[in-house]
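Asks: I would like to see how this sequence folds:
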Amino acid sequence: MSQTANHGTATDPRLSEAFRNPKDVAVLLKRIRSLAVELDVSAARPLLLMEVCGTHTMAIAKFGLRSVLPEGIRLLSGPGCPVCVTANYDIDRIIATSRIPGLTITTFGDMLRVPGSSSSLLERRAEGAEVLVVYSPLDALAMAATDPERQVVFVGVGFETTTPIVAAAVRRAAEADLRNFSVLAAHKRVPPALTALLADPDLQLDGLILPGHVSTILGEEPYAFIPRDFKIPAVICGFEPVDILECIALLLEQVVCLRTGGELQVLNAYRRAVMPEGNPTARAVIEQVFDPTDAEWRGLGSIAGSGYQLQSQYAGFDAAARFHPQVEPTVEPKGCRCGEVLRGIMAPNDCPLFGKTCTPEHPVGPCMVSSEGSCAAYHNYRISI
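Replies: Alright, predicted model coming up:
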């Protein structure tokens, strides 16, 4: 099982079935239950593990993994959805930009229905704004290249996984002198957010399920501060049931190790996709175009060095600086508890709006909108805790 996990390839079409093997699942569950007994955990004294990737949140919900774990093992959903953690001010800034005549706003599909203070991009499109869904910033770049009279703005939202391709698009635009292409950058960096989470006195975590996709870019070393500074285990994890259960088992084994005086280390249980060094080429592209900056996260507030801003030589491609959108006073959605859900201190279905006034069809907050949002996961898979 572990050998398959370590030596498969990320694109092998047989992997999904291999990592859903019921026999392997049964072996891992037995291992987890045995470790739970050894650690003497229970519903009254639970061990709190947090996944910090929206794809993990959806996979855990889809495969019903919470329901098969011992009562003493609790999985919390963290700020792993880039759309969800985008601050309301940034949403309002995007919508304000769409109100500027003559602009074409391009974005990923998840952003369309995210409500701002008074509108959404979907509503703006219904009102006549040109808002287009693209699969890549390179699609937006191609629009700008083929129609020089058209001002194309790409809405850049995402973690380290999507930031390299946005950086590449900006660099190509500069090389081609495409002055009708620009970016509204609201990218986020994961490690500083993990620092903020682990320093939160309201959240006493026992382990982190680290993001697989982000880690393909970052590798292992950027997480070394977690066991070193916060004395909790952290495991890079894949997205199939066997991946996630093996990750949980490894976290529990690390907790045992810690309690018996052993040393913790960041473990990589997704080696078929994540190299120890990550992707140096992708990181180099980011570093050539962006600089770290402070950023506002929904639920977590301002986190030092957790965002990206265009470097001075690319400032001409900053849509906010170019078009100066007039952002309305930001108003948080009334009654929405998305911020507390993103911090892991509230389960989605504990929010009083969940499934009532807030549904996927009529979302109040972004956690119910995004395909990686924890509220959407709980609602779509009818999870109750």
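Asks: Looks like residue 73 contacts residue 45 (just checking).
Replies: No - contact between residue 73 and residue 45 fails when scored by CB atoms under 8 Å: they sit 11.2 Å apart. From N, CA and C alone the C-beta is placed, and that goes for glycine too.
Asks: out of those two, which sits in the busier spot?
Replies: Neighbour totals were compared for residue 73 and residue 45, and residue 73 leads with 24 against 9 (other CB atoms under 10 Å).
Asks: Could you pull up phi and psi at the more buried one?
Replies: phi -110, psi 110 (degrees, to the nearest 10).
Asks: now swap in residue 86 and tell me
Replies: The phi/psi pair for residue 86 (degrees, to the nearest 10) is phi -70, psi 120.
Asks: Could I get the full set of strands for the stretch 251-385 of the chain?
Replies: 267-268, 290-297, 301-310 (DSSP state E, counting those that start in this stretch).
Asks: Quick check: which of the ones you listed is nearest to residue 191?
Replies: strand 301-310 (8.3 Å; CB to CB).
Asks: in the stretch 201-350 of the chain, which spans are helices?
Replies: Secondary structure of the stretch 201-350 of the chain (DSSP state H, counting those that start in this stretch): helices located at 212-218, 225-230, 241-259, 280-289, 319-323, 338-343.
Asks: Tell me which of these sits nearest to residue 181.
Replies: helix 319-323 (9.2 Å).
Asks: buried stuff in the closest one?
Replies: 319-320, 322-323 (16 or more other CB atoms under 10 Å).
Asks: again, but for stretch 111-127
Replies: Applying 16+ other CB under 10 Å to stretch 111-127 flags 111-117, 119-121, 123-125 as buried.
Asks: For it, give me every contacting residue.
Replies: 83, 86, 88, 91-92, 94-95, 98-99, 105, 107, 129, 131, 133, 155, 157, 328-333, 363-366, 369-370 (CB atoms under 8 Å, 6 or more residues apart in numbering).
Asks: Just the buried residues of these.
Replies: Going by neighbour count (16+ other CB under 10 Å), these have 83, 86, 88, 91-92, 94-95, 98, 105, 107, 129, 131, 155, 157, 328, 333, 363-366, 369-370 buried.
Asks: quick one: low-confidence ranges for the stretch 201-350 of the chain?
Replies: Within the stretch 201-350 of the chain, no range satisfies pLDDT under 70.
Asks: meant to ask about the stretch 1-150 of the chain
Replies: 1-16.
Asks: where do the strands sit along it?
Replies: Going by DSSP E, counting those that start in this stretch, the stretch 1-150 of the chain shows strands at 47-51, 73-77, 103-107, 130-133.
Asks: Identify whichever of those strands lies nearest to residue 66.
Replies: So among the strands of the stretch 1-150 of the chain, strand 73-77 is nearest, using CB to CB, at 5.6 Å.
Asks: I'd like to check the angle between that closest one and strand 47-51, please.
Replies: 30 degrees (axes from the mean of the first three to the mean of the last three CA atoms, to 10 degrees).
Asks: what packs against strand 73-77?
Replies: Packing contacts for strand 73-77, counted by 3 or more CB pairs under 8 Å, 6 or more residues apart in numbering; DSSP states H and E, involve strand 47-51.
Asks: neighbouring strands for the strand it packs on, and are they parallel or not?
Replies: Note on strand 47-51: by DSSP bridges, its sheet partners are strand 73-77 (parallel), strand 207-210 (parallel).
Asks: what's next to it, contact-wise?
Replies: Residues contacting strand 47-51 (CB under 8 Å, 6+ apart): 36, 39, 41, 57, 60, 72-78, 80, 197, 204-209, 237, 248, 251-252, 255, 344.
Asks: Tell me the buried residues within those.
Replies: Buried among the contacts of strand 47-51 by 16+ other CB under 10 Å: 36, 39, 41, 57, 60, 72-78, 80, 197, 205-209, 237, 248, 251-252, 255, 344.
Asks: which residue packs closest to residue 270, ignoring adjacent ones?
Replies: residue 238 (4.2 Å; CB to CB, 6 or more residues apart in numbering).
Asks: ok, that neighbour touching residue 53?
Replies: No - counting by CB under 8 Å, residue 238 stays clear of residue 53, with 10.4 Å between them.
Asks: Give the residues shared as contacts by the two.
Replies: residue 212.
Asks: which ones are touching the residue nearest to residue 270?
Replies: Counted by CB under 8 Å, 6+ apart, residue 238 has contacts 5, 19, 212, 244, 247, 269-270, 272-273.
Asks: Next, work out how far apart it and residue 156 are.
Replies: Here the criterion is CB to CB, to the nearest Å. By it, residue 238 lies 26 Å from residue 156.
Asks: What of residue 60?
Replies: 28 Å.
Asks: Likewise for residue 199?
Replies: 27 Å.
Asks: who's more crowded, the two?
Replies: residue 156 (25 against 10).
Asks: Which elements pack onto whichever strand or helix holds the more buried one?
Replies: For residue 156, the host element (DSSP states H and E) is strand 151-158. Here strand 151-158 touches helix 82-85, strand 103-107, helix 137-146, helix 163-175, strand 181-187, going by 3+ CB pairs under 8 Å, 6+ apart.
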